[in-house]
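Trainee: turn this into a model:
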Amino acid sequence: MLRLILRRLLVVVPTLVGVTLVSFALLVLAPPPGGGLASEASRSLFLDLPTFVSADPRDLARDVDAALGATARGLPAPDLGVRGAVLVPLLAPRLAALPAPAQRWALKQLGPSAGRLATEAELVGAGDDLEFWVELYESRRLDFRPSHVRRLVRRLRAGRSRHAAEQLRVLGTYALPELVAALDEEDGADARQRVLTVLTDLSPDAPPARLGVLDARAPEAWREWWFVHRPDFVVFGPIERSLSAVTETRYGKWIARLLTLRLGTSAVDGEAVAGKLVSRGAVTVALATLAAALAFVLAVPLGTLTAVRRDGFADRLVGALGFVLYSLPVVWVGTLLLRAVCGAPGLALFPAGGLFDPALASASLPTRLVDLAWHLAMPVLSLAYPSLIVLSRHQRSAVLNVIRSDYVRTARAKGVPEHRVLREHVLRNALPPVVTLAGLEVPLLVGTSVLVEELFAIPGLGRETVAAVAARDVAWLVAVTAAAAIVGVIGLLFGDLFVALVDPRTRRAGGGRR
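Mentor: Residues are numbered from 1 along each chain as shown. Okay, the predicted model is just below:
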C-alpha cells in the first residue's frame with residue numbers, strides 16, 4: 001500500500017505543477033484592470049514583471065543605481081523620493097563621491113526625509129545641503145541597522161516604551177519590513193493597533209492606510225501591499241538576489257501566493273481571498289462530497305438491481321427515468337424542487353435557502369445538526385441526481401461484465417448461494433471502476449454547485465464566484481480555479497487509494513513481483 005501511495009504521489013506532484021501553470025495562464029491572459037500597467041490593480045497581478053525569468057531583478061539598490069546611472073549619462077532619472085527614509089543609508093554615504101548631476105538628484109530624493117530625521121534646530125542651522133546630510137547621517141548611522149529597528153518594534157508591541165513609536169516614525173520607511181512582519185505576531189489587538197498606527201503614519205499614501213487602524217481588514221491589506229511593493233523598500237542579499245531571477249517573476253509570485261496562501265484581496269469586498277476561499281470552500285466541498293456520497297450509496301444497489309434484473313421491468317423503468325432526468329438541467333430541477341417543496345406556491349416542507357435557522361443559533365448541537373441536514377436536503381438532491389444516474393449505469397455495466405465471468409459461473413455451479421455470489425464475487429470486482437468514477441464526480445459537482453448555491457442562497461464558492469464574475473475580480477477567479485483543480489486531483493488520489501483497499505490486485509499491479 002505504501003508503494004502505491006508513493007507511486008500516486010509521483011504522479012500528483014507534476015499534475016499539481018500543471019494546475020499552477022493553467023491557473024497562471026488565466027492570470028496572464030486576463031486583461032489588465034484599471035487601464036494599464038501603472039495602476040495598483042495591475043501591479044497586484046505583477047503585470048510589470050517578466051513571465052518566467054528575470055535577467056535583471058529589481059530591488060531598491062538596483063533602482064537607485066539605475067537612476068544614478070541615468071543622471072551620469074544626462075538622462076532624466078525617476079523620482080524615488082516617495083520611498084522615504086529607506087533611501088538614506090543608500091544615498092547619504094555616497095553623496096560626496098557623486099558627480100554634480102547625480103549629487104543634485106540624490107539631494108532632491110533625500111529632501112522629503114529631512115523633516116523626519118533632523119530636529120527643528122538642525123534644520124534651521126543647516127547650511128549646505130551636502131554638508132547637512134553628511135553630518136546628519138554620521139550622527140544617525142547606528143539608527144539605520146535592522147537590529148535597532150527590531151528592538152524598537154518589540155518595545156512598540158509590548159507597550160513598554162513611549163518613545164518607540166516616535167523613534168520608528170523618525171526612521172520612516174526604513175522600519176517598514178519589521179513593522180509588517182510584526183503584524184503576524186500574536187500579541188493581541190492593542191499591540192497590533194499600535195503597529196498599524198505607525199504603519200499608517202509612515203505610508204499615508206498606501207491604499208491600506210485608507211482603511212484605518214480599527215478596520216479588521218487592515219492587517220491583511222498591509223500584508224498584501226507589502227507582498228506587492230516589498231522590492232521598492234528592501235535591498236536583496238546575495239542569496240535572495242540569485243533566487244530573485246525566478247522568484248521576482250509573474251510565475252514566481254503566483255507560486256509564492258499559492259505556497260503562502262497570500263492570494264490577494266477580493267475586489268468585491270476587500271477581504272483576503274485566502275480566508276474567503278477557506279470559509280466558502282468548506283461549504284462547497286462539504287456539499288459536493290455529500291452529493292457524491294449520496295449518489296454512490298444509491299447507485300451501487302440500483303445499478304446492481306438493474307443488472308441482475310436485466311431487460312426486466314425495473315431495468316427498463318430505471319433506464320427510461322434516468323434518460324429523462326439526465327437531460328434536465330440541474331438549475332431547472334433545483335428550481336422545481338424549490339417551488340414544489342420549499343414554500344409558496346408549493347409545500348413548505350424544506351427551508352427555501354441558507355444553511356441554518358437563525359432562531360436555532362443557541363439550540364443544542366443535535367438540534368442544530370438536524371436543522372443543517374434539513375437545509376441541505378434539497379441542494380444535495382439537486383446536485384446528486386445527475387451523478388446518481390451516471391454511476392448507476394456504470395455500475396450496471398460493470399456488474400453485467402462480472403456476471404458473465406467464468407469464476408461466477410463456477411461459484412454458481414458449486415451451489416454457492418446467490419447472495420454470496422453477488423456480495424463476494426460480483427460486487428467486489430465490479431466496484432473499482434465505479435469508485436474511480438465517483439472520485440471524478442467530486443470536482444464536477446464543485447463546478448455544478450455554482451448554480452445550486454446561487455439558487456438556494458448557500459454561502460459557498462458558487463455565490464462568491466458569481467459576484468466575482470460581475471465585479472471582474474481576477475484574484476478570486478484565478479484562486480478558485482486553482483482550488484477546484486487541486487480538489488479534483490486530490491479526489492482522484494483518494495479514489496485510487498480506495499480502489500486499492502477494495503481490490504488488492506491494484507496494489508500489486510506495477511509493483512514488480514505478483
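
Trainee: how many residues are close by T173?
Mentor: By other Cβ atoms under 10 Å, the residues close to T173 number 21. C-beta coordinates here come from the backbone N, C-alpha and C atoms, glycine included.

Trainee: against G322, how distant is it?
Mentor: 66 Å (Cβ to Cβ, to the nearest Å).

Trainee: swap in R83?
Mentor: For R83 relative to G322 (Cβ to Cβ), the value is 66 Å.

Trainee: who has more neighbours, those two?
Mentor: Neighbour totals were compared for R83 and G322, and R83 leads with 23 against 20 (other Cβ under 10 Å).

Trainee: right, and the more buried one touches T173 too?
Mentor: Yes - R83 is within contact range of T173, at 6.0 Å (criterion: Cβ atoms under 8 Å).

Trainee: now do the shared contacts for the two.
Mentor: Residues touching both R83 and T173 by Cβ atoms under 8 Å, 6 or more residues apart in numbering: F233.

Trainee: A strand includes D311, no?
Mentor: No - going by DSSP: H, G, I helix; E, B strand; the rest coil, the assignment for D311 is coil, not a strand.

Trainee: tell me the phi and psi of it?
Mentor: Main-chain dihedrals, D311, degrees, to the nearest 10: phi 70, psi 10.

Trainee: could you do V268 as well?
Mentor: Main-chain dihedrals, V268, degrees, to the nearest 10: phi -80, psi -50.

Trainee: what's the burial count for it?
Mentor: Neighbourhood size, V268 [other Cβ under 10 Å]: 17.

Trainee: who touches it in this structure?
Mentor: Neighbour list for V268: E464, A467, A468, A471, D473, W476 [criterion: Cβ under 8 Å, 6+ apart].

Trainee: which of these count as buried?
Mentor: E464, A467, A468, D473, W476 (16 or more other Cβ atoms under 10 Å).

Trainee: list the buried residues of stretch 418-437.
Mentor: Within stretch 418-437, the residues that qualify as buried are 421-422, 425-427, 429-437, counting by 16+ other Cβ under 10 Å.

Trainee: how about stretch 84-104?
Mentor: Going by 16+ other Cβ under 10 Å, stretch 84-104 has these buried residues: 84-92, 95, 98, 101-103.

Trainee: repeat that for stretch 209-225.
Mentor: Neighbour-count burial for stretch 209-225 flags A209, L211, V213, R217, A218, P219, E220, A221, W222, R223, E224, W225 (criterion: 16+ other Cβ under 10 Å).

Trainee: for these, which two are the farthest from each other?
Mentor: By the measure Cβ to Cβ, V213 and E224 form the most distant pair in the buried residues of stretch 209-225, at 16.4 Å.

Trainee: need the next SSE after the helix or strand of the chain with the lowest mean pLDDT, C-terminal direction.
Mentor: Least confident helix or strand, the chain: helix 120-125 with a mean of 52, by mean pLDDT, DSSP states H and E. Counting by DSSP states H and E, the next helix or strand C-terminal to helix 120-125 is helix 129-140.

Trainee: quick check: mean pLDDT of that next one?
Mentor: Mean pLDDT, helix 129-140: 86.

Trainee: dump it to CSV, restricted to CA.
Mentor: Provided in CSV are the C-alpha atoms of helix 129-140 (Å, rounded to 0.1, in the frame of the first residue of the first chain):
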residue,chain,number,x,y,z
ASP,A,129,22.7,70.5,1.8
LEU,A,130,25.6,68.2,1.2
GLU,A,131,27.3,69.1,4.4
PHE,A,132,23.9,68.8,6.2
TRP,A,133,23.3,65.3,5.0
VAL,A,134,26.8,64.1,5.6
GLU,A,135,26.8,65.3,9.2
LEU,A,136,23.2,64.0,9.8
TYR,A,137,24.0,60.6,8.6
GLU,A,138,27.2,60.4,10.6
SER,A,139,25.1,61.2,13.7
ARG,A,140,22.3,58.8,12.8
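
Trainee: please identify the buried residues of that helix?
Mentor: For helix 129-140, using 16+ other Cβ under 10 Å, the buried residues are D129, L130, F132, W133, E135, L136, Y137, R140.

Trainee: who are the packing partners of that helix?
Mentor: Packing partners of helix 129-140 (3 or more Cβ pairs under 8 Å, 6 or more residues apart in numbering; DSSP states H and E): helix 88-91, helix 100-110, helix 114-117.

Trainee: surely L431 touches A299?
Mentor: No - here L431 lies out of contact with A299, judged by Cβ under 8 Å, at a distance of 10.8 Å.

Trainee: am I right that R217 is in contact with E271?
Mentor: Yes - counting by Cβ under 8 Å, R217 touches E271, with 6.1 Å between them.

Trainee: quick check, pLDDT for G439.
Mentor: G439 is given a pLDDT of 72.

Trainee: ok, F456 - contacts?
Mentor: G334, L338, A352, G353, G354, M378, P379, S382.

Trainee: what about the residue nearest to the fifth one when sequence neighbours are not counted, which SS state?
Mentor: Spelled out, that is G354. Ranked by Cβ to Cβ, 6 or more residues apart in numbering and with sequence neighbours excluded, the top spatial neighbour of G354 is A457, at 5.5 Å. Under three-state DSSP, A457 falls in the coil class.

Trainee: so what's the residue count around A457?
Mentor: Residues lying near A457 (other Cβ under 10 Å) number 14.

Trainee: kindly report the same for the one 4 residues further on.
Mentor: With neighbours defined by other Cβ under 10 Å, the count for L461 comes to 29.

Trainee: then D65?
Mentor: 11.

Trainee: any idea which element it lies in?
Mentor: Here D65, judged by DSSP H and E, is contained in helix 60-72.

Trainee: mind listing what's buried along that helix?
Mentor: Quick answer for helix 60-72 (16+ other Cβ under 10 Å): L60, R62, D63, V64, A67, L68, A70, T71.

Trainee: quick check: mean pLDDT across stretch 66-79?
Mentor: Confidence over stretch 66-79 (mean pLDDT, whole number) is 90.

Trainee: start to end distance for it?
Mentor: Stretch 66-79 has an end-to-end distance of 12 Å (criterion: Cα to Cα, to the nearest Å).

Trainee: now what about that stretch, what contacts it?
Mentor: Around stretch 66-79, the neighbours that count as contacts under Cβ under 8 Å, 6+ apart are D63, L80, L98, P99, P101, A102, W105, A106, K108, Q109.
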